[in-house]
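Chemist: Quick one, fold the following:
(chains A and B)
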Amino acid sequence: ETGVTQSPTHLIKTRGQQVTLRCSSQSGHNTVSWYQQALGQGPQFIFQYYREEENGRGNFPPRFSGLQFPNYSSELNVNALELDDSALYLCASSDLDRVGEQYFGPGTRLTVT
Amino acid sequence: AQTVTQSQPEMSVQEAETVTLSCTYDTSESDYYLFWYKQPPSRQMILVIRQEAYKQQNATENRFSVNFQKAAKSFSLKISDSQLGDAAMYFCAYRSGDNYGQNFVFGPGTRLSVLP
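Modeler: The predicted structure is shown next:
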């Protein structure tokens, strides 16, 4: 098990609602990346936060937004939920200077009905 | 944009036997890293092995080894002496050498079953 935690474990929302997912990074890590993993597919990069600033973004619309806090924990916010947003959301923490040392959390399963 | 392809959606192997999972990628960069991640049914993604593109020597981690063919843009994973606990989804991933974004591009995955 890694030291990365995510909450909640499961979530059910209705189309059009907003959701906030949370991630606590591993001790000593300054970077959090968020991924969306649809059923049966590989994870897709949403964005990354390094020392509280966005440090890269994938091909996701602006209704996907995030925050990183001074303790390097992070939130993913999704507005105006769509059915296609149903997926497993993974966060991964790392030290930006150490390539490959990206530790994943267990994920949050979001279902949009 | 970089892409990662895994042409084997599912594979199976007998316990104690050897299996090889395939991965190809496309990039115009010369500096990059390649990884294999394992995702058991419990969902938590675990790093199995990584390879720096500038290294000619293939990476090895205990029963796991890779065959890195840079010119062919191929990066296969060999699992020796397969164990029941090796059953999982395996993802091949690419990361640019550029620190910006540090995002990983994942392949679609290969589901590995280990038969007793």
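Chemist: Quick one: residues contacting the closest residue to A:Ser7 other than its chain neighbours.
Modeler: Residue nearest to A:Ser7 in three dimensions, not counting chain neighbours: A:Arg22, with 4.9 Å by Cβ to Cβ, 6 or more residues apart in numbering or on different chains. C-beta: built from backbone N, CA, C; applies to glycine. By Cβ atoms under 8 Å, 6 or more residues apart in numbering or on different chains, the residues touching A:Arg22 are A:6-7, A:73-76.
Chemist: Return the members of the residues you listed classed as buried.
Modeler: By neighbour count, with 16 or more other Cβ atoms under 10 Å in any protein chain shown, those hold A:6, A:73-76 as buried.
Chemist: Strands - which of these land there?
Modeler: A:6, A:74-76 (DSSP state E).
Chemist: Among those residues, which one lies nearest to chain B?
Modeler: A:Gln6 (9.9 Å; Cβ to the nearest Cβ).
Chemist: For burial, what's the neighbour tally of the closest residue to the closest one other than its chain neighbours?
Modeler: Leaving out its chain neighbours, the residue that sits closest to A:Gln6 by Cβ to Cβ, 6+ apart is A:Gly105, at 4.0 Å. For A:Gly105, the neighbour count with other Cβ atoms under 10 Å in any protein chain shown is 27.
Chemist: Repeat that for B:Thr18.
Modeler: Neighbours of B:Thr18 (other Cβ under 10 Å): 12.
Chemist: Which residue is the nearest non-sequential neighbour of it?
Modeler: Per Cβ to Cβ, 6+ apart, closest to B:Thr18 is B:Ser80, 5.0 Å.
Chemist: is it true that that neighbour touches B:Ser65?
Modeler: Yes: applying Cβ atoms under 8 Å, one finds B:Ser80 in contact with B:Ser65, separated by 7.4 Å.
Chemist: And the strands in chain A?
Modeler: Counting by DSSP E, one finds strands in chain A at the ranges A:5-7, A:10-13, A:19-24, A:31-37, A:44-50, A:53-57, A:64-68, A:74-78, A:87-94, A:103-104, A:108-112.
Chemist: of all these, which lies closest to B:Thr27?
Modeler: Closest of the strands of chain A to B:Thr27 is strand A:44-50, at 15.3 Å (criterion: Cβ to Cβ).
Chemist: can you list contacts of that closest one?
Modeler: Contacts for strand A:44-50 (Cβ under 8 Å, 6+ apart): A:30-38, A:54-60, A:64, A:66-68, A:74, A:76, A:96, B:101-106.
Chemist: With stretch B:108-116 instead?
Modeler: A:40-42, B:5-6, B:8-15, B:19, B:21-22, B:39, B:79, B:82-91.
Chemist: Is A:Phe104 bridged to anything, and to what?
Modeler: Using DSSP bridges, the bridge partners assigned to A:Phe104 are A:Ala92.
Chemist: Number of residues surrounding it?
Modeler: 23.
Chemist: mind listing what it touches?
Modeler: A:2, A:4, A:90-92, B:37, B:44-46.
Chemist: The same query, at a cut-off of 6 Å, please.
Modeler: Applying Cβ atoms under 6 Å, 6 or more residues apart in numbering or on different chains, we find A:Phe104 in contact with A:90, A:92, B:44-45.
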